[in-house]
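Enquirer: One predicted model, sequence on top.
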Amino acid sequence: MEELLRRLEHQIKKLVDQYDQLKHSNQQLHHGKFLLVREKELLMARQQKAISQIQTLVTKLKAIERDK
């Protein structure tokens, strides 16, 4: 009986350790996801700015061509 209790205690400790590891991994994944979403937002804003600048340049080039 005592041996059974020791084995159960050992298994419970292993499960608690696994839980702690999984919880930590999950927190890291959530943090990584947050960083990736933020980076995506920043890249999309940069892309939109670049598109706008290119459109402005194209408009200016077309105006220059018309004025020739």
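Expert: Yep, it's here. Residues are numbered from 1 along each chain as shown.
Enquirer: Which residues belonging to stretch 46-60 are considered buried?
Expert: The neighbour-count check on stretch 46-60 (16 or more other Cβ atoms under 10 Å) flags nothing as buried. Quick note: C-beta positions are derived from backbone N, CA and C, even for glycine.
Enquirer: Mind listing residues that contact that stretch?
Expert: The contact list for stretch 46-60, computed with Cβ atoms under 8 Å, 6 or more residues apart in numbering, is empty.
Enquirer: model confidence over it, on average?
Expert: Here stretch 46-60 scores 98 as its mean pLDDT.
Enquirer: same deal with stretch 22-33?
Expert: For stretch 22-33, the per-residue pLDDT averages 98.
Enquirer: what's the answer for stretch 5-16, then?
Expert: pLDDT averaged over stretch 5-16 gives 97.
Enquirer: Relative to the whole chain's centre, how far out is it?
Expert: 36 Å (Cα atoms, centre = their mean, to the nearest Å).
Enquirer: Please apply the same query to stretch 26-44.
Expert: Worked out by Cα atoms, centre = their mean, stretch 26-44 lies 2 Å from the chain centre.
Enquirer: got it, and stretch 53-62?
Expert: 34 Å.
Enquirer: Please tell me how far E41 sits from L29.
Expert: Distance of E41 to L29, given as Cβ to Cβ, to the nearest Å: 19 Å.
Enquirer: Hmm, I typed the wrong one, I wanted T56.
Expert: For T56 relative to L29 (Cβ to Cβ), the value is 41 Å.
Enquirer: mind listing the helices for this protein?
Expert: 2-67 (DSSP state H).
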